[in-house]
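Student: Can you look at this prediction? I've put the sequence above it.
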Amino acid sequence: MVGYLLNRTFQILLTLFVFMSIVFFIVNAQPGDVSNVYALNPDLPPETRERLRDLFGVNEPLWKQYLVHVRNTLTGNFGVSFSNYPRSVADIVMERLPRTLALFMTATVLSFYLGFALGKIIAWRRGGWTEYTSTIGGVTLYTVFTPWFGLMMIWLLGFKAGWLPIGKFLDPELWRDAPTDANAVFGMMIATAVAASVIVFAVFALTKKRRGSGAALIRIGSLAGSLLVAVGIWLVAGTGYLAWDIIRHMVLPVVTLTLISFAGTMLLTRSSMLETMREDYVVAARAKGLPEKDVRDRHVARNALLPVVTSFMFSLAFAVDGGVIIESIFSWPGMGQTLVSAAVAEDLPLAVGAFVFVGSFILLAHLAADVLYVYLDPRIRY
Amino acid sequence: MDVQRAPRSVDHSLWRTRLGLAADRLRENWAAFVRARVGVIGLAVIIFYALLAAAHPVLMSTVWDESIYDPVVGYSFDETRQPAPPSLRHPLGTDPLGRDILSQLMFSARSEFMLGLLAAVVTVCIGTMVGAAAAYFGGIVDTILMRLADIMIMMPGISVLIVLSALIGVEHLELGLIIGVLSGFGGTGVVLKSQALSVVVKPYIQAARVAGGGPLHIILVHVVPNLLPLSFLYMMFTVTSAIFSEAVLSFLGLLDIRMSWGLMIHTTESAGYLTQVTEAWWLIFPASLSITLLCSSFYLVGRSLDEVVNPRLRRA
């Protein structure tokens, strides 16, 4: 196992290096450079743009730029963004990443929960009309033309019904007199969410062995209790209305993302369930006279969970990447938009830095999925 | 099982027996495909769009006047106001530039099919070879190909395509090739490798090796044919992702193509009609729904094929 991990870590580093080089050259191969952004600015004479090029080092020969870049990246220095000068790449990523993670992880968790619950049911009732309608509906949403669907959701829920704000991260008018800045509030929100989930998970883990209405009461109580405490703290702190504003802006993109992506999990769960249902222990469980619901949830679904968990790890990893389309439709300032705007503006340090960050996260998740697989399935050994 | 069935009559020649077996298997697979139901609906939608695509040149040369109905340079002189709502002359109305929407829709269907087919064929050719080679040779070949797959999977697809479209003029041909290479060396290759792993340990592969077959011969003649059903399945998923990527990229106005469903919505957006959902519905819904319907149809067909080719999903 240790040898396997070492080998994989080495391969990950090598892959990352190749990936970084490819990104560097692809971004660099675009015509022009970062000074093009200022080409139409009458206040900047050509000499200034030339000086800008010298300053950023884009006048150097390509191989020299590449070597400098490799040296900096290896020493953990991702540099300063060209287009957001003088902010550092690490600073920008640290601001955008939590926003993307909060949005996409919430949606990923929701869509996996929904997908798993639906997948269980449609596998159990194979061939019924429930299966056909949910498969067709789910696949249509899964392959829907995302920009159109996002706009429809905005139009329907935000514009026509007027229930939700129609995009952006927050409402600037509300924040004008706010005592703190958005990043601080958002950081606190994430901390609250993490703390609440840890408590709920702990309670669930502790009552795992217990059955019956008492355990269910404890679980629901812990869920409601931690929610109440969180709301109470925010109300006492006096910034609750700001947090509520951010939450309101998150609802529409999260709902849209969940609707778009749940079908993937649903169909995966269905296939996995259908394979598991042929096992002998399922017949044994039925022969013991267990109720169908227990056979489904405790014997089949548990064992069908394996590929779903792996795919969940991957989805979480790809949440870092964000969705360019979703983020631009909902004007959400996250990683997806950062990646694209940096690449298009030839902001080399930001583009390569962000791509490498996303890439390493994905590779690590790949490794984590493999390790988790060994832990979950005792039949697999390295 | 048909495979073990003896030739029906002794005087039948070998090819006739093989043909009969193939027909039997086709019939059986078709029955399984039909039983999965959703694929039939998908197939019906695909055929509908194929008919639309095929009808376009016919209509252009007979009923439709080229100066009015040309999807790119046509102009409807009869309408006083563009975009015009649907009428008898223009069943789906005209776009902000006075071009017939139905004609654009039908014209684009053909290029969507070509793009999907190209991307799918490239994916499957690369994917089966990568998968078969990685599984057959193992060791260093496997490591290199699978790490390459990691890099391809890491590439955030749409972002990379956006950068590439700024680099080179991307048309349907280039787009199909790029998507094919990304998915062939990436996800599809990995899936086909896992399938190929179960093929290369079969006794007949060893037998072929003992009989003196070279690696290329064994891969092409014995491994690849066993990967074909699964790769056919992944062809369908590639078609979906190709059409989807094309729609998104032309919606963002990044492709050098003359007409497509995505471009129709791009035109709507740049003319400012995208938010007038009820007032200018014919500018938004036909193209968006076509993209969605064709993508989901190919996906549904793929899902139903999965029921056919995956023995673990067969019904008892």
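Tutor: Arrived safely. Quick caveat, the model's predicted, so the values are computed rather than measured.

Student: Check chain B for its longest helix and report it.
Tutor: helix B:101-137 (DSSP state H).

Student: Quick one: mean pLDDT over that one.
Tutor: Average pLDDT, helix B:101-137: 93.

Student: tell me what that helix is packed against?
Tutor: Where contact means 3 or more CB pairs under 8 Å, 6 or more residues apart in numbering or on different chains; DSSP states H and E, helix B:101-137 is packed against helix B:38-61, helix B:139-154, helix B:172-185, helix B:187-200, helix B:215-218, helix B:224-251, helix B:261-270, helix B:281-309. In this view, the C-beta of every residue, glycine as well, is placed from N, C-alpha and C.

Student: buried ones in it?
Tutor: B:101-113, B:115-116, B:118-120, B:122-124, B:126-136 (16 or more other CB atoms under 10 Å in any protein chain shown).

Student: so it versus helix B:38-61, what angle?
Tutor: Interaxial angle, helix B:101-137 versus helix B:38-61 (axes from the mean of the first three to the mean of the last three CA atoms, to 10 degrees): 130 degrees.

Student: Pull the distance from helix B:101-137 to the chain's centre.
Tutor: 5 Å (CA atoms, centre = their mean, to the nearest Å).

Student: Tell me how many other residues surround A:S197.
Tutor: The tally of other residues near A:S197 (other CB atoms under 10 Å in any protein chain shown) stands at 12.

Student: show me where pLDDT drops low in chain A?
Tutor: Scanning chain A for pLDDT under 70 picks out A:37, A:211-212, A:320-322, A:380-382.

Student: Residue nearest the middle of it, spatially speaking?
Tutor: Closest residue to the average C-alpha location of chain A: A:A319 at 2.1 Å, with CA atoms, centre = their mean.

Student: which residues touch that residue?
Tutor: Contact analysis of A:A319 by CB atoms under 8 Å, 6 or more residues apart in numbering or on different chains lists A:100-101, A:104-105, A:108.

Student: what does A:R99 give?
Tutor: Counted by CB under 8 Å, 6+ apart, A:R99 has contacts A:169, A:186, A:332-334.

Student: redo that, cut-off 6 Å
Tutor: By CB atoms under 6 Å, 6 or more residues apart in numbering or on different chains, the residues touching A:R99 are A:G334.

Student: how long is stretch B:127-145 from one end to the other?
Tutor: Terminal residues of stretch B:127-145 lie 11 Å apart, using CA to CA, to the nearest Å.

Student: Please disregard the earlier target; I meant stretch B:130-148.
Tutor: 10 Å.

Student: Number of residues surrounding A:T276?
Tutor: Residues near A:T276, counting by other CB under 10 Å: 20.

Student: Which residue, other than its chain neighbours, is closest to it?
Tutor: Distances taken as CB to CB, 6 or more residues apart in numbering or on different chains place A:A304 nearest to A:T276, at 4.4 Å, with adjacent residues excluded.

Student: Quick check, the one you found in contact with A:S271.
Tutor: No: counting by CB atoms under 6 Å, A:A304 does not reach A:S271; the two are 8.8 Å apart.

Student: Count the neighbours of B:I144 for me.
Tutor: If we define neighbours as other CB under 10 Å, then B:I144 has 11 of them.

Student: who touches the helix or strand hosting A:R286?
Tutor: Using DSSP states H and E, A:R286 sits in helix A:280-287. Residues from elsewhere that reach helix A:280-287 (CB under 6 Å, 6+ apart): A:295, A:299-300.

Student: which of the contacts of A:A319 has the most neighbours?
Tutor: Most surrounded of the contacts of A:A319: other CB under 10 Å gives A:F104, at 28 neighbours.

Student: quick revisit: so which helix or strand takes in the residue nearest to the centre of chain A?
Tutor: Going by DSSP H and E, A:A319 is in helix A:301-321.

Student: next structured bit after that helix?
Tutor: Downstream of helix A:301-321 (by DSSP H and E), the next one is helix A:324-329.

Student: From the chain's centroid, how far away is that following helix?
Tutor: So, by CA atoms, centre = their mean, the centroid of helix A:324-329 is 13 Å from its chain's centroid.

Student: Which neighbouring elements make contact with that helix?
Tutor: helix A:146-153, helix A:335-344 (3 or more CB pairs under 6 Å, 6 or more residues apart in numbering or on different chains; DSSP states H and E).

Student: switch the cut-off to 8 Å
Tutor: helix A:146-153, helix A:240-276, helix A:335-344, helix B:157-167.

Student: check whether the third one contacts chain B.
Tutor: Which is helix A:335-344. Yes: looking at helix A:335-344 against chain B by CB under 8 Å from any CB of the partner chain, the contacts come from A:336, A:339-340, A:343-344.
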